[in-house]
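Enquirer: Compute the structure for the input listed below.
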Amino acid sequence: MINALIVDDNLRYVKYILNLITSNFKNIHISHIATDGEEALNEISSNHLDLIFLDLKMPTLSGDEVIKRTNKLNCITRPKFIIISGDMPSLKELGNCDNIKSIINKLESPESICKKIEYVINEINYNVQKVKSPHGSSRTPTPTTFAICFS
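Expert: Down below sits the predicted model:
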């Protein structure tokens with residue numbers, strides 16, 4: 001099970017993305033929802049999270065500042081980020097951060113959003129399988145698909 005956090009100050013969009021995830025991804029558990037950057041950092045520092053859906057423009061503390069501070073935390077594994085934005089920043093604008101795995105435009109179709117989430121889930125599961133490989137086996141497992149969105 002992938003533990004996830006949704007961080008967005010737009011509660012209408014939080015409800016939308018939450019419904020999209022719970023309807024299409026049975027292997028994602030939304031353990032927390034935060035409405036600003038400070039609240040997000042509290043959740044990140046006190047819980048094990050695999051994936052964070054993060055809005056960039058928020059009151060109190062911006063999404064890019066949340067990423068910077070998260071990367072400074074002493075975590076065993078750093079969570080992966082899916083950026084949520086209405087402005088579509090490029091990855092270059094967000095700086096050098098290898099744990100940003102995708103960017104979702106708030107105006108994207110549900111199908112497109114699901115494909116991006118599925119890609120990130122597969123990467124997370126692939127990395128977990130590599131870590132758990134038995135007795136130093138050199139065999140690299142193949143990622144699997146867990147959900148198909150909208151038939």
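Enquirer: my guess is residue 44 meets residue 71, correct?
Expert: No. The pair residue 44 / residue 71 is not scored as a contact, 10.5 Å apart, by CB atoms under 8 Å. For every residue, glycine as well, the C-beta is placed using N, CA and C.
Enquirer: All the strands of this protein, residue numbers only.
Expert: Taking DSSP state E as the criterion, the chain contains strands spanning 2-7, 28-34, 51-55, 80-85, 100-105.
Enquirer: follow-up on the earlier one: neighbour count: residue 44 and residue 71, which is higher?
Expert: residue 44 (23 against 14; other CB atoms under 10 Å).
Enquirer: Return the distance of the nearest residue to that one once chain neighbours are set aside relative to residue 42.
Expert: Spatial nearest neighbour of residue 44, excluding adjacent residues (CB to CB, 6 or more residues apart in numbering): residue 70 at 5.4 Å. Taking CB to CB, to the nearest Å as the measure, residue 70 falls 12 Å from residue 42.
Enquirer: Now do the contacts for the closest residue in space to residue 69 that isn't next to it in sequence.
Expert: Using CB to CB, 6+ apart and skipping residues adjacent in sequence, the residue nearest residue 69 is residue 41, 5.8 Å away. Residue 41 makes contact with 61, 66, 69, 70, according to CB atoms under 8 Å, 6 or more residues apart in numbering.
Enquirer: residues in contact with the last one?
Expert: Contact criterion CB under 8 Å, 6+ apart gives 41, 44, 52, 78, 79 as the residues in contact with residue 70.
Enquirer: mind showing which ranges of the chain have poor pLDDT?
Expert: 74-76, 88-96, 128-151 (pLDDT under 70).
Enquirer: redo that, cut-off 80
Expert: Counting by pLDDT under 80, the chain has low-confidence residues at 74-77, 87-97, 126-151.
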